[in-house]
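**Q** Got a sequence here, can you model it:
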Amino acid sequence: MQWGEKIPLVATVAATSFAVFATQASAVTPPLSDPQIVRHLDLAAGQQPENLTTEADGFIDMTMSFAHQIDRLTPDGELHVLATLPAPPDGTHAPLTGRAFIGGIVRVPDGTLYVLYSTGTDDLTGLWKLPPGGTASRVAAMPGSSVPNGLALHDGSLYATDSSLGAIWRIPLGGGAAAIWKAAPELAAATPGGFGANGLKIRDNAVWVTNMDRGTLLRVPIGCHGAPGAVHTVATGLGTVDDFAFTGDGDNVLAANNQGSEVELVRTDGSHTVVLTAADGLQNPTSITRRGDTVYIANAAYFTATDPNLLSARILRQR
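**A** Next comes the predicted model:
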């Protein structure tokens, strides 16, 4: 089954409050506890969250992948569409997904949101900007053959994975063209039509990346004058690993296994164990972000086609 063929439209019931209930048959294990469904989403309305970021006031901003929307969830559970990016012409075939796909999202201190958009066309694919109260516009072009996916901000530039070309892009926030910062076999898919470099975070002057097709977590140092170092493999055997987040305990990571509907704790030594499963409410998790001792996990239900949702859990700290 191809990625772009897999999503029947099945309606789900939307919850009306922010933290509704914990899944009854929980399989959560430390360092996580108290998994809760924050909000059920509506599959028939295209509410399949691909990436998310938190706001200081408790709001959560999400990209809705195939609806090419940017949505905001309020603390009282209301979901608002902030922007809908323009669709490519009918019949356009986007690489890997088959259709237009909105991916990573980053918020900068002035409240501006940046998102990545893959359409299969040169005139729409790239980095888009949404200022507070404004309209969305493309600010950096990428080729239609690319699938920009994970996104993170570091030292005045945005870094973006490319799941199609097997690369990491860098885009200056102050203006300037997007350019490939690092391309390497470790960032490319192992099989034709697979997703290569996917999730992206930056920590301790290094770009951390997952490769979905290879099931790996990778680290690329940022060297002198911003030049990339060699790719280091941190962990293997992570399944269809999508996005991830650091737990706040050293370099330990929580990584989302999309098709497996699992979250794994990946330790500094590369070992990993499952800490959340479908029994906790996971439905093909796509993105993880942490705010304090709370992690939020976006579930797009790409393969289950049952219950896209936003889930939260607490991180247990050693006393």
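**Q** When you work out contacts or count neighbours from here on, use the C-alpha atoms and nothing else.
**A** Fine.
**Q** Next one, pLDDT for residue 300 please.
**A** You'll see residue 300 listed with a pLDDT of 98.
**Q** Tell me how many other residues surround it.
**A** 31 (other Cα atoms under 10 Å).
**Q** any weak-confidence spans in the chain?
**A** Applying pLDDT under 70 to the chain flags the ranges 1-25, 318-319.
**Q** Could you rerun that using 90?
**A** Scanning the chain for pLDDT under 90 picks out the ranges 1-27, 56-57, 174-176, 317-319.
**Q** Show me what the longest strand seen in the chain is packed against.
**A** Longest strand in the chain, counting residues (DSSP state E): strand 32-40. Here strand 32-40 touches strand 309-315, going by 3 or more Cα pairs under 8 Å, 6 or more residues apart in numbering; DSSP states H and E.
**Q** when you compare where the strand it packs on runs with where strand 32-40 runs, what's the angle?
**A** Strand 309-315 runs at 160 degrees relative to strand 32-40, counting by axes from the mean of the first three to the mean of the last three Cα atoms, to 10 degrees.
**Q** Strand 309-315 pairs with which strands?
**A** Strand 309-315 has the following sheet partners, assigned by DSSP bridges: strand 32-40 (antiparallel), strand 294-299 (antiparallel).
**Q** Quick one: list the elements packing against the helix or strand that contains residue 244.
**A** Taking DSSP states H and E as the criterion, residue 244 maps to strand 241-246. Packing partners of strand 241-246 (3+ Cα pairs under 8 Å, 6+ apart): strand 197-203, strand 206-211, strand 253-257, strand 285-291.
**Q** Adding distance to residue 263 and mean neighbour count, write those out as a markdown table.
**A** Converted to a markdown table, the helices and strands packed on strand 241-246 look like this (distance: least, Cα to Cα, whole Å; neighbours: other Cα atoms under 10 Å):
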| stretch | distance to residue 263 | mean neighbour count |
| --- | --- | --- |
| strand 197-203 | 14 | 26 |
| strand 206-211 | 14 | 26 |
| strand 253-257 | 5 | 28 |
| strand 285-291 | 8 | 25 |
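**Q** Would you reformat the ones you listed as TSV and include distance to residue 139?
**A** Putting the helices and strands packed on strand 241-246 into TSV (distance: least, Cα to Cα, whole Å) gives the following:
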stretch	distance to residue 139
strand 197-203	20
strand 206-211	22
strand 253-257	29
strand 285-291	24
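**Q** quick one: which of the ones you listed is nearest residue 221?
**A** Of all these, strand 206-211 sits nearest to residue 221, with 4.1 Å by Cα to Cα.
**Q** now for the helices and strands packed on strand 241-246, which one comes closest to residue 235?
**A** Across the helices and strands packed on strand 241-246, closest to residue 235 is strand 206-211 (Cα to Cα), at 9.4 Å.
**Q** quick one: the closest one to chain centroid distance?
**A** Centroid separation between strand 206-211 and its chain, computed with Cα atoms, centre = their mean, to the nearest Å, is 12 Å.
**Q** which residues touch that strand?
**A** With contacts defined as Cα atoms under 8 Å, 6 or more residues apart in numbering, strand 206-211 is touched by 161, 186-189, 195-202, 216-222, 241-244.
**Q** Kind regards, and thank you for your time.
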